[in-house]
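**Student:** next comes the sequence, and after it the predicted model I'd like to discuss.
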Amino acid sequence: MSSTSSTSATTRRSFLALGAAMAAVPAIATLVGAVPAEPASAADTLPDYAPIPPSALGPALNAQGYHVGRVEKNLYWVTDGTYQAAFLTTKEGVVLFDAPPSIGHNLQRAIDQIASANGVSNKVTHIVYSHHHADHLGGSSLFGPDVVRVGHIETKRLLARDNDPTRPVPDLTFETHHTLRVGGERIDVAWHGTNHTPDNSYIHFPDHDTLMLVDIQLPGWAPFDSFNLNEDVPGSIAAPAKAMAYPWKHYIGGHMGRLGTRQDMVVYQQYVTDLLDGVNKALTAVDPTPFFTKYGNNSWAAVKTYQAAQVDYAAAPVIKKYTGVLAAADVYTASTAFVLLESIRLDLGAGSRVHP
Ligand SMILES: [Zn+2]
């Protein structure tokens with residue numbers, strides 16, 4: 001989802017460094033024969049959040065840190081608990097769908113595991129790209145230069161712009177839709193307008209009752225920060241209905257530890273509807289006067305605090321309703337409410353009045 005992979009890489013490095021520092025503490029304590037002093041830890045001041053509902057969690061990961069499972073027939077999915085990819089074994093090799101770098105070399109391990117169990121080829125011949133984001137494609141180059149990469153025409157343009165050697169540009173592109181046939185298997189890829197990104201595509205497996213649509217609905221979880229770091233809010237609000245227009249039973253959302261169902265999409269659509277209702281009510285319910293009175297000519301301070309009050313008005317009842325239903329509803333609902341508020345203002349023109 002993220003265009004902030006450098007940030008998460010930094011966070012991961014910091015986290016690893018912290019882990020090493022923590023691991024060193026007992027050794028030092030043993031050397032000096034002392035009990036380590038209570039650290040003035042950031043953890044003491046970090047906020048508490050609601051527990052994750054068991055319904056949000058998927059199968060346990062193996063010792064290498066991944067789980068691979070059958071979606072239906074010869075279609076499989078792989079997760080590291082946060083990211084997801086999928087692959088189809090065929091008579092002529094393997095078609096891989098996305099290559100998140102966080103799963104990385106575990107992608108081939110998962111494929112090897114399934115291929116050897118079923119006596120089929122483990123050679124990846126094609127990679128289908130959901131969208132250009134590095135956090136879903138940064139493992140693509142692990143499969144070498146001879147793989148046929150398939151993606152939307154805009155994915156090709158954006159990857160050419162980004163010029164990242166870990167994400168080779170697609171060899172085979174499409175504008176609206178393309179039916180990929182490999183080893184007797186059929187995959188329909190389609191573009192139905194911009195949403196999370198300008199290029200985000202619908203990957204339908206008509207013979208496997210499955211739809212893969214990444215960074216729209218994350219089964220079991222509230223959206224990630226700021227409505228999944230949204231680039232086109234009206235497009236993203238429209239995406240679930242386009243997804244539901246396809247026939248499918250299994251949903252691969254690209255994130256977290258389990259597959260989705262149609263019921264997950266229904267819950268997600270209701271969550272977005274409830275949040276939009278709250279934001280629309282906040283437009284009239286929250287009085288801007290006190291904010292502009294207090295901050296005078298500091299327009300940014302007035303707008304910031306006024307919008308924060310609108311966000312709180314919209315998000316609070318939604319957080320309450322979905323806590324225990326969607327994991328982390330209390331973590332990111334407010335940031336999504338802010339993005340919806342700005343979209344209603346800027347895309348739909350609410351509150352824009354022409355000066356008389
Ligand atoms: Zn993305």
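**Tutor:** Arrived safely. Since the model is a prediction, treat every value here as computed from it, not as a measurement.
**Student:** check the gap between His250 and Leu348 for me.
**Tutor:** Distance, His250 to Leu348, by C-beta to C-beta, to the nearest Å: 34 Å. The C-beta positions use only the backbone N, C-alpha and C, and glycine is treated the same way.
**Student:** all helices in the stretch 251-356 of the chain, in order from the N-terminus.
**Tutor:** Assigned by DSSP state H, counting those that start in this stretch, the helices in the stretch 251-356 of the chain fall at 262-285, 289-295, 299-322, 329-346.
**Student:** hmm, back to that, compare His250 and Leu348 (neighbour count), which wins?
**Tutor:** Taking neighbours as other C-beta atoms under 10 Å, His250 and Leu348 compare with His250 leading, 19 against 12.
**Student:** quick check: the more buried one touching Leu259?
**Tutor:** Yes. Judged on C-beta atoms under 8 Å, His250 makes contact with Leu259 at a distance of 5.4 Å.
**Student:** shared neighbours, those two?
**Tutor:** Common contacts of His250 and Leu259 (C-beta atoms under 8 Å, 6 or more residues apart in numbering): Val71.
**Student:** give the contact list for Thr336.
**Tutor:** Contacts of Thr336 by C-beta under 8 Å, 6+ apart are 222-223, 225-227, 275, 315.
**Student:** most neighbours out of these, which is it?
**Tutor:** Using other C-beta under 10 Å as the neighbour test, the contacts of Thr336 are led by Pro223, with 29 neighbours.
**Student:** with adjacent residues omitted, what lies nearest to that residue?
**Tutor:** Thr336 (5.3 Å; C-beta to C-beta, 6 or more residues apart in numbering).
**Student:** per-residue confidence for that neighbour?
**Tutor:** Here, the pLDDT recorded for Thr336 equals 98.
**Student:** and the gap between whichever residue of the stretch 1-150 of the chain sits closest to the ion and Val68?
**Tutor:** As assessed by C-beta to the ion, the ion sits closest to His133 within the stretch 1-150 of the chain, at 3.5 Å. Separation of His133 from Val68 (C-beta to C-beta): 22 Å.
**Student:** looking at these two, which one has more neighbours?
**Tutor:** His133 (28 against 22).
**Student:** low-scoring stretches of the chain, by residue?
**Tutor:** Along the chain, segments meeting pLDDT under 70 span 1-40.
**Student:** residue ranges of the helices in it, please?
**Tutor:** 5-32, 106-118, 134-137, 153-162, 225-229, 233-244, 262-285, 289-295, 299-322, 329-346 (DSSP state H).
**Student:** out of these, nearest to Thr89?
**Tutor:** Closest approach to Thr89 among these (C-beta to C-beta): helix 106-118, 6.3 Å.
**Student:** let me know whether Ala350 touches Thr284 as I believe.
**Tutor:** No. Using C-beta under 8 Å, Ala350 makes no contact with Thr284, being 9.8 Å away.
**Student:** who's more crowded, these two?
**Tutor:** Neighbour count, other C-beta under 10 Å: between Ala350 and Thr284, Ala350 has more, with 14 against 9.
**Student:** roughly how far does that one sit from Leu341?
**Tutor:** 9 Å.
**Student:** how many neighbours does Gly104 have?
**Tutor:** Using other C-beta under 10 Å as the criterion, the residues surrounding Gly104 number 17.
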